[in-house]
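> just need the structure, nothing else, for what follows:
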Amino acid sequence: MSIHPDHRHDVGTPAADHPPAEPTGDDTLDLRVDDLVALLTAARPTTVPTTVPATGPGADPTTGAGPGTDPTTGIGPDPKPGPATGPSPSPSPSAVRGTDAAVEGRLDGDLLDAVASWAPVPTRFGSFRLVPVRPSRDLPLLTRWMNDPAVDAFWELAGPETVTADHVRAQLEGDGRSVPCLGVLDSTPMSYFEIYRADLDPVARAYPARPHDTGIHLLLGGTRDRGRGVGTTLLRAVADLVLDHRPRCTRVVAEPDIRNTPSVSAFLSAGFRYAAEIDLPDKRAALMIRDRALRHVL
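Residues are numbered from 1 along each chain as shown. Okay, the predicted model is just below:
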């Protein structure tokens, strides 16, 4: 699964102050969420949603503490950010070190409520957590994923490490409105996420954005993780992480290419609703929304 961020992240230019009118075909669910919740609740047995409390690094029942560090990437079960452990790839070591320093300065920023501090969560595939990217450690792995033809078809970032480095650096050296992360499952990096402020992104010009709308981009790195429900599980887990840790966010949004049927299907299965088709600079996208008010219903 790959979700192409065609609009890219314009880290220096805020989105329009006033959102556009409702795009053609957009639904009006936002105007009657309470009625829909009541209708859906009445249509099924009443249940109390089961929530799993966030656990610290020493309390994670799946990964534990200390053992389990991946020997290739140096990523272990401790969710606290640590020093880069991998070799310094090209581009130049000085440029990479500068980007790593920029990462350290933004991990605790408030535009996305400190993604680096979000605790691991259990899933049916294992313990999952988001680990902010550090170029000195992660560029070789990300570059390999970006050169997978199935990924490149939608991300369009195939090429040498410098191509991936430029894409990641634009986010890391910005103001913190977008955080690129490895998705780590049981201490193994297996996916790439971008968590971003959709309301501050150029995508906000294409739909009626709300303050603190938070967006998700995702790619699964390994072919063995595709086509068996991993993407759906992780999308739901990450959307829940956003809603749990960003109290001001009422909606998690995404905009997969309308041609990317597996991605659209995964979002629907993960509790997102299809809201509209929107035009972005390089694609026609499906606007997918997961509402806080419906998170325990859908």
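> who's in contact with Gly183?
Neighbouring residues of Gly183 by C-beta atoms under 8 Å, 6 or more residues apart in numbering: 128-130, 189-193, 218, 234, 238. Using the backbone N, CA and C atoms, a C-beta is placed for each residue, glycine as well.
> swap in 10 Å and give it another go.
Shown in contact with Gly183 (C-beta atoms under 10 Å, 6 or more residues apart in numbering): 128-131, 189-193, 218-221, 225, 230, 234, 237-238.
> one more: Cys181?
So Cys181 contacts 115-116, 118, 129-133, 138, 189, 191-195, 238 (C-beta under 10 Å, 6+ apart).
> contacting residues for Phe272?
Contacts of Phe272 by C-beta under 10 Å, 6+ apart are 216, 235-236, 239, 251-254, 256, 264, 266, 286-291, 294, 298.
> in the stretch 51-200 of the chain, which spans are helices?
For the stretch 51-200 of the chain, applying DSSP state H, counting those that start in this stretch gives helices covering 93-106, 135-146, 149-155, 161-172.
> quick one: the strands in the protein?
Per DSSP state E, the chain carries strands over the ranges 121-123, 126-132, 178-185, 188-197, 214-220, 251-254, 273-280, 283-291.
> now those strands as CSV including mean pLDDT and distance to Leu157?
Listed next are the strands of the chain as CSV, based on pLDDT from 0 to 100; distance: least, C-beta to C-beta, whole Å:
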stretch, mean pLDDT, distance to Leu157
strand 121-123, 98, 27
strand 126-132, 98, 19
strand 178-185, 97, 12
strand 188-197, 98, 10
strand 214-220, 97, 10
strand 251-254, 98, 18
strand 273-280, 97, 16
strand 283-291, 98, 14
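> any idea which helix is longest in this protein?
Counting by DSSP state H, the longest helix found in the chain is helix 230-245.
> neighbours of Leu268, just the number please.
16 (other C-beta atoms under 10 Å).
> how far away is it from Arg144?
As for Leu268, its distance to Arg144 is 29 Å (criterion: C-beta to C-beta, to the nearest Å).
> cool, and Phe125?
In terms of C-beta to C-beta, Phe125 sits 21 Å off from Arg144.
> the two - which one has more neighbours?
Ranked by neighbour count (other C-beta under 10 Å), Phe125 and Arg144 place Phe125 first, with 16 against 13.
> where does pLDDT dip in the stretch 51-200 of the chain?
The model of the stretch 51-200 of the chain has pLDDT under 70 over residues 51-74, 76-109.
> 50 - rerun?
Applying pLDDT under 50 to the stretch 51-200 of the chain flags the ranges 51-67, 71-72, 78-89.
> before we move on, the earlier item: most tightly surrounded among the strands of the chain?
Comparing the strands of the chain by mean neighbour count (mean count of other C-beta atoms under 10 Å), strand 251-254 ranks first with a mean of 26.
> what are the pairing partners of that one, and which direction each?
strand 214-220 (parallel), strand 283-291 (antiparallel) (DSSP bridges).
> and stretch 241-250, how far apart are its ends?
End-to-end distance for stretch 241-250, by C-alpha to C-alpha, to the nearest Å: 13 Å.
> now it: buried residues?
Buried positions in stretch 241-250, judged by neighbour count with 16 or more other C-beta atoms under 10 Å: 241-246, 249-250.
> go on, stretch 261-273?
Going by 16+ other C-beta under 10 Å, stretch 261-273 has these buried residues: 263-264, 266-268, 270-273.
> with only the CA atoms kept, save that stretch in CSV.
C-alpha atoms of stretch 261-273 as CSV (Å, rounded to 0.1, in the frame of the first residue of the first chain):
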residue,chain,number,x,y,z
THR,A,261,-8.1,1.2,-5.0
PRO,A,262,-6.3,-0.9,-2.3
SER,A,263,-5.5,2.3,-0.3
VAL,A,264,-9.0,3.6,-0.5
SER,A,265,-10.4,0.3,0.6
ALA,A,266,-7.9,0.1,3.5
PHE,A,267,-9.0,3.5,4.7
LEU,A,268,-12.7,2.5,4.5
SER,A,269,-11.9,-0.6,6.5
ALA,A,270,-10.0,1.4,9.1
GLY,A,271,-13.0,3.6,10.0
PHE,A,272,-12.6,6.4,7.5
ARG,A,273,-15.4,7.6,5.4
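> mind pulling up the pLDDT for Leu294?
For Leu294, the pLDDT comes out at 94.
> burial count for it?
Leu294: 18 neighbours (other C-beta under 10 Å).
> these two touch, right, it and Arg273?
Yes - between Leu294 and Arg273 there is a contact at 7.7 Å, judged by C-beta atoms under 10 Å.
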